[in-house]
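S.K.: I would like the atomic coordinates for the input below:
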Amino acid sequence: MLDAAPDQGSRKLALVPDYHICIVYEQQIVGSVPQATARLSPTRPMTWISGPSASSDIELNRVEGVYRPRHFDVLVVAVT
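M.R.: Next comes the predicted model:
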């Protein structure tokens with residue numbers, strides 16, 4: 001989840017690339033959506049990224065990466 005904080009970069013860049021890598025510090029990971037939303041600012045626009053997207057056209061041909069990146073990796077950094 002992004003809430004347009006200064007350290008997060010452009011929200012639109014998170015939605016546009018074919019490959020998105022997200023770097024997350026271990027202490028940022030929580031166990032539930034309510035815990036995560038409690039850490040975000042309600043006064044900022046939010047972007048929720050769940051991973052690669054896929055859709056099918058009228059002929060049921062699967063197309064990946066329609067609305068979000070086709071490839072999405074998360075790198076978890078442990079700070080000691």
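S.K.: make it CA atoms for all contacts and neighbour counts henceforth
M.R.: Noted.
S.K.: what residue ranges in this protein score low on pLDDT?
M.R.: 9-16, 49-54, 57, 64-69 (pLDDT under 70).
S.K.: which residues in it form helices?
M.R.: Assigned by DSSP state H, the helices in the chain fall at 11-15, 33-38.
S.K.: list the contacts of the last one.
M.R.: Contacts of helix 33-38 with the rest of the structure, by CA atoms under 8 Å, 6 or more residues apart in numbering, involve Met1, Ile29, Val30.
S.K.: neighbour-wise, which of these leads?
M.R.: Of the contacts of helix 33-38, Met1 is surrounded by the most neighbours, 14 neighbours in total, counting by other CA atoms under 10 Å.
S.K.: residue contacts, that residue?
M.R.: Applying CA under 8 Å, 6+ apart, the residues near Met1 are Ala36, Met46, Thr47, Trp48, Ile49.
S.K.: tell me if I'm right that Asp3 and Arg39 touch.
M.R.: No: in this structure Asp3 lies outside contact range of Arg39 using CA atoms under 8 Å: 9.6 Å.
S.K.: ok, those two, which is more surrounded?
M.R.: Asp3 (19 against 12).
S.K.: which residues touch that one?
M.R.: Leu40, Ser41, Arg44, Pro45, Met46, Thr47.
S.K.: switch the cut-off to 6 Å
M.R.: By CA atoms under 6 Å, 6 or more residues apart in numbering, the residues touching Asp3 are Arg44, Pro45, Met46.
S.K.: what are the ranges of the strands in this protein?
M.R.: In the chain, the strands defined using DSSP state E lie at 19-25, 54-56, 62-64, 71-77.
S.K.: could you give the bridge partners of Ile23?
M.R.: In this entry, Ile23 is beta-bridged to Leu75, by DSSP bridges.
S.K.: my read: it touches Val77, true?
M.R.: No: with contacts counted by CA atoms under 6 Å, Ile23 stays clear of Val77, the gap being 7.1 Å.
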